[in-house]
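1. Below are the sequence and a predicted model for it; my questions follow.
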Amino acid sequence: MGEYGERSKVHFEVRGTQCAAWHYPGTNGGCVIMAGGFAVTKEPGTDLFAARFHEAGFSVLAFDYRHLGESGGQPRQVVRVREQLADWDAAVGFAATLPGVDPGRLAIWAFSASGGYVFPLAARDTRLAAAIAQTPNADNPAAARNAARYQKPLAMLRFTGRALLDSLGGLAGRPPRLVPLGGTPGTIAVLTTPDVPDSGPALNPGGRYPDWQQEVAARSALRLTVGRPGRWASRVRCPLLVVVCDQDRSALAGPAIRAAGRAPGAELVRLPGRHYAPFLDAHEQAVAAEVSFLRQHLLAGSSASSASSASSVGAGS
């Protein structure tokens, strides 16, 4: 299909609900399972990187979480962490059945809030041969405290009130109260950090994805303030690549760097720029590191490729 190769729409089931995904058939037996960030659907969230992984010969399965995008599930635009982790579990199982995929050569890739999921997934799922966490949110409370520095108190109070009302409404079966994913300080939005202006050029250049609903249920944002997925790092079972941006003000680099240091044999790549730099000026550096990592751990085989110790690649590498 044009710039994205011969991808096709596929579906898999999670507890009675259909998840939609793009399948890019590869040639080398490896498969990368991918999903977008917080309330970011598969096209804006994965197209740019999926195309490059596919060019390198890997199969790709890029999916929408339930309640988002083309996947089923009611109510819409609601993010629930446990459900999304279950979606990953089903996606990995489905990827292993795709034609031309070696079930022993599966990797996961995610960024931002979803990138934080990579730590528990890589710790618990023995089917994974490799995992990539790109600008992951490894410590939600720390990120929330930092985000509060870039929001005005009255707007924060109004946002919290809307989120609490939405939570109560959800218990009563009412439709979600939606809020924008990004905005300027003083507006009611999930994020108002300095990274937000980069999100359009990074994820939706020229309005390429008009079907992406850039809103989320206000109740979902409350979940961004709890949980430290980086704590799972010491239990990661497979080779792990952590990509951070030093000027990230949305998913802070510090907690992700510390998580990488705790993960056995993890590799750390530090890039210049803000949260969306891997989609923008640092894209070629990010892709080069990630494709090299995937080739090493999905194609080169077993023990020799995973025996390398933790390394750090600087911005000039």
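-> That came in fine, so what should we check first?
2. All the helices of the stretch 1-150 of the chain, in order from the start?
-> Taking DSSP state H, counting those that start in this stretch as the test, the helices found in the stretch 1-150 of the chain are 42-55, 81-95, 112-124, 140-148.
3. whoops, the stretch 201-317 of the chain was the one
-> So, for the stretch 201-317 of the chain - with DSSP H, counting those that start in this stretch - the helices run 218-222, 253-262, 283-294, 303-306.
4. any idea which of these is most buried?
-> helix 218-222 (a mean of 23; mean count of other C-beta atoms under 10 Å). Heads up, the C-betas are built off the backbone N, CA and C, glycines and all.
5. Mind giving me the packing neighbours of that helix?
-> helix 153-171, strand 178-180 (3 or more C-beta pairs under 8 Å, 6 or more residues apart in numbering; DSSP states H and E).
6. who's in contact with it?
-> With contacts defined as C-beta atoms under 8 Å, 6 or more residues apart in numbering, helix 218-222 is touched by 39, 77-80, 159, 162-167, 170, 176-179, 190.
7. Kindly recompute the last result at 10 Å.
-> Residues outside helix 218-222 that contact it (C-beta atoms under 10 Å, 6 or more residues apart in numbering) are 38-39, 67, 75, 77-81, 113, 144, 159-171, 176-179, 181, 188-191.
8. Now mean neighbour count too, for the helices and strands packed on helix 218-222, in a markdown table please.
-> Below are the helices and strands packed on helix 218-222 laid out as a markdown table (neighbours: other C-beta atoms under 10 Å):
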| stretch | mean neighbour count |
| --- | --- |
| helix 153-171 | 15 |
| strand 178-180 | 19 |
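9. so can I have JSON lines of these showing mean pLDDT?
-> Output for the helices and strands packed on helix 218-222, formatted as JSON lines (pLDDT from 0 to 100):
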{"stretch": "helix 153-171", "mean pLDDT": "94"}
{"stretch": "strand 178-180", "mean pLDDT": "97"}
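10. got the ones you listed as a markdown table, with distance to Q214 columns?
-> Converted to a markdown table, the helices and strands packed on helix 218-222 look like this (distance: least, C-beta to C-beta, whole Å):
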| stretch | distance to Q214 |
| --- | --- |
| helix 153-171 | 16 |
| strand 178-180 | 6 |
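11. so which of those comes closest to V287?
-> Nearest to V287, of all these, is strand 178-180, at 29.2 Å by C-beta to C-beta.
12. That closest one pairs with which strands, parallel or anti?
-> Paired neighbours of strand 178-180 in the sheet (DSSP bridges): strand 215-217 (antiparallel).
13. what distance separates the partner strand from the middle of the whole chain?
-> Centre-to-centre, strand 215-217 and its host chain are 17 Å apart (C-alpha atoms, centre = their mean, to the nearest Å).
14. Equivalent analysis for stretch 185-192, please.
-> When C-alpha coordinates are averaged (C-alpha atoms, centre = their mean), stretch 185-192 and its chain have centres 21 Å apart.
15. just stretch 249-266 next, same as before
-> So, by C-alpha atoms, centre = their mean, the centroid of stretch 249-266 is 15 Å from its chain's centroid.
16. quick one: terminal-to-terminal distance for it?
-> 23 Å (C-alpha to C-alpha, to the nearest Å).
17. Out of the helices of the stretch 1-150 of the chain, which is the most enclosed?
-> helix 112-124 comes out most buried of the helices of the stretch 1-150 of the chain by mean count of other C-beta under 10 Å, with a mean of 25.
18. Now do it, average pLDDT.
-> Throughout helix 112-124, pLDDT has a mean value of 98.
19. Using CSV, list the CA coordinates for that helix.
-> Once non-C-alpha atoms are left out, helix 112-124 reads as follows in CSV (Å, rounded to 0.1, in the frame of the first residue of the first chain):
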residue,chain,number,x,y,z
SER,A,112,5.6,7.3,25.9
ALA,A,113,2.9,5.9,28.2
SER,A,114,2.8,2.7,26.2
GLY,A,115,6.6,2.6,26.3
GLY,A,116,6.3,2.3,30.1
TYR,A,117,4.3,-0.9,29.5
VAL,A,118,7.4,-2.4,27.9
PHE,A,119,9.0,-2.9,31.3
PRO,A,120,6.3,-5.2,32.9
LEU,A,121,5.7,-6.9,29.5
ALA,A,122,9.3,-7.8,29.0
ALA,A,123,9.5,-8.9,32.6
ARG,A,124,6.5,-11.3,32.4
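20. Between helix 253-262 and that helix, find me the angle.
-> Relative orientation of helix 112-124 with respect to helix 253-262: 10 degrees, computed using axes from the mean of the first three to the mean of the last three C-alpha atoms, to 10 degrees.
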